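[1] pasting a predicted model and its sequence here:
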Amino acid sequence: MSSTRRRVEYEIVKRLVGPALMQVDHAQRRVKSLRKRAAKPAGPFGPPLESVRKLKELMTRHYLEGRYADGAVPVAWVTSGFPVEVLRPLGYHAVYPENHAALCGVQRVVPHLSEATEEVGYARDLCSYARTDIGSVMLQETPVGRLPKPDLLCCCTNICQTVLYWYRSLAAHFQVPLVLIDPPFVYGEAKPHHRQFVRDQLDELLVVAARVAKRRAPSMDEIVGVTKLAREGTRLWGECLAESRNKPAPWTGIDGFFHIAPIVTLRGTAECNAYYRQLRDELRHRVAQGIGGVREEKHRLLWDNLPIWFDVRGMSTLLAEHGFNFVCTSYTNAWAEAGSRIDPADPLGSAVFAYTDIILNQDLGKRFGTLARLAEEYSCDGAVLHSDRSCKPYSIGQLDLKQRLAKQLDIKVMVLEADHGDPRAYAVEQGHGRLTAFMESFS
Amino acid sequence: MTGAGAPVAIGVDVGSTTCKAVVVDRAGAILRHRVEPTHPRTEQQTTRILDELRLAVGCELPIGATGYGRKRVPGATKVLTEITCHARGAFSRVKRAVVLVDMGGQDTKIVRIGPGGDVADFAMNDKCAAGTGRFLEVILGRLQVPFDEVSAHVARARRSVPVSSTCTVFAESEVISLVAQGEELEGILRGLHESLAKRVAALAGVLPADARIVMSGGVALNAAMVDALGAALRREVSVLPDPQLVGALGAALSAS
């Protein structure tokens, strides 16, 4: 199929089909809402967020457009901590395999996809995100219909080293270039030569990304424009999270796990920022009205690490029934903090700071500082540290963190062993039993 | 009957291996009790046990339920986890801050109980039967040693035969190999107990120097395990009275 025809299809889907489907969806919802008046509280939860509709629309359109992206526009598969701002001016459609794997986790298709990966020899001890996406590629199965074939793979090891080997496998499979941003692990403060090392890689990225996209390298004005959007989006996301400093928190930490999707996958776009403006305003309205994410908030918890995607609903219900809410999480906070260092006046120089100094690329002392600050700012009286079988960089040191948090902040802390994607590595009954015992210890 | 007060509550602890039930008086004395292997049809079993206990005491009583089957105890007025109930049961006996080691059929719990009886912290084995009663049950079954004779066997051991694996499956095959190599049964059993105790001690982590250790759960009836645990923790381990009933006792006290 010619690239022109492919581009026409892509533009039709992007400008006509996607919006039209959303209009139909809106109309159907409007009809339904005439029958039901206002959104009512559901069980132990407060009324559902109105913004969820917009979130669904945004992400559906993103994945719908993706189906028609390859051959029409350059496509990059990107790790969550990659400086995507450089790719946007070149017209890339960015796919986030981690976000896709999280979606597979919620849809409970991880065991099926993982087994395909394991059958060809990958270890079950490998991150379940990696196993899920490799399995999805091999089987050509995905809950989103279809993922576009990448022209470029973009990997940043600021979240873990696994992504490097994962993306190397993808590069061998798709036979496309892989660009690597490899920030040194930061003990204390990054040294100037560390920063120069990352800066040199960013400069190389610009050249390779432009060559693959068959375009001239983006001008500084173009990069500044996207950087401004990314910075604004990050600020807005941070404002959404900060509303949970109020009592009761207007939404749950579990809500936050879902609403993080745009800042991960659409960072640096106007749609992303418009969405978070809407969400922030709704949260502020709920705060003004005294509406909580949990109907009767009695205790406020901090969550550390990725969510258990396949059990988020079960776990949040269990917590809400006992009046507990995860009012803040180090995971969702990471996307509010990293981008806050982005400076449009120096987009590449500040990107070095933003993407090197993220929580998973820092020593344990800094991680403790972040957790302790969050627990205090959000008035938490307890913390749950998810020891994630699939994410060792995030889980290492948690027994020390537990002791320090309990001792220095005088709060109750537990470590919960689970996995962010693979239900085969988690016993729901035992997990919920431990959480229940933890909650009982507050009375 | 072990006490003279009027019955005030029933506690039921539906564990993975055994189902325990007690009737207690206001002072926490156990007036009546039942211990049975857990039946797959939990509701039928607990209904029958509760009927028998009600008939015996001649009145309706509030019911506290705990254990893995706690949500399937008909008429329970209080449903709490084993951590909370074992802590309450233990504190009612010792009335001071202690570290409780509860070795049950499916899991082993380390509960740090505060001076007021509160659960200050806890740790449990995760997703694995290593370090639990099930581990001993499987190995003793393989060696055809009845549970109530195991202590005497261990006491007769002339030396300990190290069993390196604490995984139930791997330890079973390791024990078979040791038997095939002609190692004496008593020595293997001692080695098994030491291996298990070290696993539990690792779960307990670093204990405060003045921590007093008490033990509950069915495994506490095995004196060899108590001795091995004391050696692994390098301190005295006291077994609570009626160790198998401590969870049910805590459930009853919570409901009263």
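    Arrived safely, thanks for sending. Predicted, not measured: the structure shown is a model, and the values here were computed from it.

[2] tell me how far the longest helix seen in chain B is from the chain's mean position?
    Ranked by number of residues, the top helix in chain B under DSSP state H is helix B:185-204. Remark: helix B:185-204 is offset 16 Å from the chain centroid, using Cα atoms, centre = their mean, to the nearest Å.

[3] pick out the residue in the stretch 1-150 of chain A sitting closest to chain B.
    Closest to chain B within the stretch 1-150 of chain A is residue A:124: 13.8 Å, counting by Cβ to the nearest Cβ. C-beta here means a position set from N, CA and C on the backbone, and glycine is covered the same way.

[4] neighbours of that residue, how many?
    Counted with other Cβ atoms under 10 Å in any protein chain shown, the neighbours of residue A:124 add up to 14.

[5] I'd say it and residue A:110 touch.
    No: using Cβ atoms under 8 Å, residue A:124 makes no contact with residue A:110, being 11.7 Å away.

[6] find residues that contact each of these two.
    residue A:131 (Cβ atoms under 8 Å, 6 or more residues apart in numbering or on different chains).

[7] please tell me how far residue A:164 sits from residue A:157.
    6 Å (Cβ to Cβ, to the nearest Å).

[8] who has more neighbours out of those two?
    Neighbour totals were compared for residue A:164 and residue A:157, and residue A:157 leads with 22 against 16 (other Cβ under 10 Å).

[9] can you tell me the closest non-neighbouring residue to the more buried one?
    Distances taken as Cβ to Cβ, 6 or more residues apart in numbering or on different chains put residue A:182 closest to residue A:157, at 5.0 Å, once the chain neighbours are dropped.

[10] I'd say the one you found and residue A:201 touch.
    Yes: the pair residue A:182 / residue A:201 is scored as a contact, 6.7 Å apart, by Cβ under 8 Å.

[11] so for those two, which sits in the more crowded spot?
    Higher neighbour count among residue A:182 and residue A:201: residue A:201, with 17 against 13, using other Cβ under 10 Å.

[12] and the gap between that one and chain B?
    Distance of residue A:201 to chain B, computed by Cβ to the nearest Cβ, to the nearest Å: 40 Å.

[13] which residues in the stretch 51-200 of chain A form strands?
    Under the criterion DSSP state E, counting those that start in this stretch, strands of the stretch 51-200 of chain A are mapped to A:75-78, A:93-95, A:152-156, A:178-181.

[14] common neighbours of residue A:164 and residue A:157, please.
    Listed as contacting both residue A:164 and residue A:157 by Cβ under 8 Å, 6+ apart are A:180, A:182.

[15] surely residue B:49 meets residue B:36?
    Yes: applying Cβ under 8 Å, one finds residue B:49 in contact with residue B:36, separated by 7.2 Å.

[16] so residue A:230 sits in a helix?
    Yes: counting by DSSP: H, G, I helix; E, B strand; the rest coil, residue A:230 is found in a helix.

[17] assign the nearest residue to it once chain neighbours are set aside to helix, strand or coil.
    Using Cβ to Cβ, 6+ apart and skipping the chain neighbours, the partner closest in space to residue A:230 is residue A:268 (4.0 Å). Assigned with three-state DSSP, residue A:268 falls in the coil class.

[18] for residue A:129, see how far away residue A:268 is.
    For residue A:268, the distance to residue A:129 (Cβ to Cβ) stands at 22 Å.

[19] so who does residue A:438 touch?
    Contact analysis of residue A:438 by Cβ under 8 Å, 6+ apart lists A:382, A:384, A:412, A:414, B:122.

[20] can we see that at 6 Å?
    The contact partners of residue A:438, by Cβ atoms under 6 Å, 6 or more residues apart in numbering or on different chains, come to residue A:414.

[21] distance of it from residue A:383?
    Counting by Cβ to Cβ, the gap from residue A:438 to residue A:383 is 10 Å.

[22] please enumerate the shared neighbours of these two.
    Contact criterion Cβ under 6 Å, 6+ apart; residues shared by residue A:438 and residue A:383: none found.

[23] picking that back up, what's the longest helix of chain B packed up against?
    Packing contacts for helix B:185-204, counted by 3 or more Cβ pairs under 6 Å, 6 or more residues apart in numbering or on different chains; DSSP states H and E, involve strand B:108-113, helix B:150-155, helix B:223-233.

[24] quick one: mean pLDDT for it?
    Mean per-residue pLDDT for helix B:185-204: 89.

[25] which element follows it toward the C-terminus?
    Counting by DSSP states H and E, the next helix or strand C-terminal to helix B:185-204 is strand B:213-216.

[26] packing partners for that next one?
    Against strand B:213-216 (3+ Cβ pairs under 6 Å, 6+ apart) you get helix B:82-94, strand B:98-103, strand B:237-239.

[27] just for the chain, where's the confidence low?
    Let's take chain A. Low-confidence segments of chain A, defined by pLDDT under 70: A:1-2, A:33-41.

[28] actually, chain B is the one I wanted.
    Scanning chain B residue by residue, the ranges that satisfy pLDDT under 70 are B:1-4, B:126-131, B:166.

[29] find the residue at the geometric middle of it.
    residue B:217 (1.3 Å; Cα atoms, centre = their mean).

[30] who's in contact with stretch A:392-401?
    Counting by Cβ under 6 Å, 6+ apart, A:160, A:305, A:360, A:364, A:368, A:385, A:387-388, A:415 sit against stretch A:392-401.

[31] who in chain A is up against chain B?
    Counting by Cβ under 6 Å from any Cβ of the partner chain, chain A comes close to chain B at A:417, A:427, A:433, A:436-437, A:440-441.

[32] now with 7 Å?
    A:417, A:427, A:430, A:433-434, A:436-437, A:440-441 (Cβ under 7 Å from any Cβ of the partner chain).

[33] among those, name the ones in helices.
    Using DSSP H, the residues of chain A next to chain B in helices are A:430, A:433-434, A:436-437, A:440.

[34] and the gap between the residue nearest to residue B:241 when sequence neighbours are not counted and residue B:5?
    Sequence neighbours aside, residue B:93 is the residue nearest to residue B:241 in space, at 6.2 Å (criterion: Cβ to Cβ, 6+ apart). Separation of residue B:93 from residue B:5 (Cβ to Cβ): 16 Å.

[35] in stretch A:117-131, which residues are buried?
    A:117-118, A:122, A:126-131 (16 or more other Cβ atoms under 10 Å in any protein chain shown).

[36] so of those, which ones are in helices?
    Using DSSP H, the buried residues of stretch A:117-131 in helices are A:117-118, A:128-131.
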